[in-house]
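Peer 1: Following is a predicted model, sequence given first.
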Amino acid sequence: MIDKQCKSAAEAVEGIKDGAVILVGGFGQTGEPMDLLDAIAARGLRDLTIVANGGGSGEHGIGRLLAAGCVRKLVCSFPRVPGSVAFEELYEQRAIELEIVPQGTIAERVRAGGAGIPAFYVPTGAGTELADGKELREFEGRTFVMEHAIKGDVAVIKADRADRWGNLTYRLSARNFNPVMAMGAELTIAQVEECVPLGGMDPETIITPSIFVDRVVEIPGGVSNG
């Protein structure tokens with residue numbers, strides 16, 4: 001019998017190793033799997049690469065990972081957001097590496113990694129510092145930048161509901177980056193508001209099918225309202 005449900009956030013993040021590339025769902029704190037990230041921080045892992053939309057804020061989630069010294073590199077679109085004290089202090093001390101990637105590009109780099117596409121061309125960033133050191137090509141008179149796919153060792157995401165197989169639905173805008181992150185990693189862990197019986201979700205509402213999900217943990221409410 002397939003049952004991907006874990007008893008706790010701590011159990012769900014077991015096996016993640018130092019140096020892992022971790023894809024994180026969420027837009028700001030909406031849809032960010034705070035409890036899973038806090039559980040990773042509690043394990044005291046080091047040299048992690050975090051790929052996310054933003055650089056985290058407050059005392060939970062990505063912000064906690066940064067404050068705990070778990071992160072070696074941050075790949076994101078918005079490293080500085082209200083309350084992002086930990087990132088700013090680390091960056092000023094040159095204690096963290098930062099790679100800025102436009103939002104659409106970061107989503108496509110992760111999607112490409114999940115689809116087995118090694119690289120692709122986009123016009124975004126052409127003529128700016130974001131294109132420094134990257135291959136450029138012209139298509140139909142426009143300059144395009146070659147971007148490499150991002151492959152995650154682990155994805156941690158947040159969804160609204162799941163069944164024991166790992167089929168997922170999302171709540172409104174909390175869907176954001178979560179589905180694409182789920183597809184881009186070797187191991188995908190979902191924090192959900194509610195686990196329902198198998199067959200308890202209309203198949204037409206399922207956004208992330210179970211083939212992309214390895215572990216599920218039910219945490220009603222959690223530490224985030226997203």
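Peer 2: Here it is on my side, so go on.
Peer 1: can we go C-alpha only for contacts and neighbour counts from here?
Peer 2: OK.
Peer 1: Could you pull up the contacting residues of the nearest residue to residue 4 once chain neighbours are set aside?
Peer 2: Nearest residue to residue 4, sequence neighbours excluded (C-alpha to C-alpha, 6 or more residues apart in numbering): residue 215, at 4.9 Å. By C-alpha atoms under 8 Å, 6 or more residues apart in numbering, residue 215 lies in contact with 4-6, 12, 166, 188-190.
Peer 1: Now do residue 112 against residue 163, distance only.
Peer 2: For residue 112, the distance to residue 163 equals 27 Å [C-alpha to C-alpha, to the nearest Å].
Peer 1: quick one, phi psi at the residue most central in space within the chain?
Peer 2: By C-alpha atoms, centre = their mean, the chain has its centre lying nearest to residue 24, at 1.6 Å. The phi/psi pair for residue 24 (degrees, to the nearest 10) reads phi -120, psi 120.
Peer 1: Ok, residue 85 next?
Peer 2: Main-chain dihedrals, residue 85, degrees, to the nearest 10: phi -70, psi -40.
Peer 1: Could you find the closest non-adjacent residue to it?
Peer 2: residue 57 is the one closest to residue 85 (C-alpha to C-alpha, 6+ apart), at 7.0 Å.
Peer 1: Would you check that the one you found makes contact with residue 88?
Peer 2: No - look at residue 57 against residue 88 with C-alpha atoms under 8 Å: they stay out of range, at 10.4 Å.
Peer 1: Give me the neighbour count for residue 193.
Peer 2: 19 (other C-alpha atoms under 10 Å).
Peer 1: To clarify, my last question referred to residue 15.
Peer 2: Residue 15 has 7 nearby residues by other C-alpha under 10 Å.
Peer 1: now it: how far from residue 37?
Peer 2: From residue 15 to residue 37 the distance is 14 Å (C-alpha to C-alpha).
Peer 1: Show me what the residue nearest to residue 4 is bridged to.
Peer 2: residue 189 (DSSP bridges).
Peer 1: what's the residue nearest to the centre of the chain in contact with, if anything?
Peer 2: 32-33, 50-53, 155-157, 178, 181.
Peer 1: Counting neighbours, which of those comes out on top?
Peer 2: residue 32 leads the contacts of residue 24 on contacts (other C-alpha under 10 Å) with 33 neighbours.
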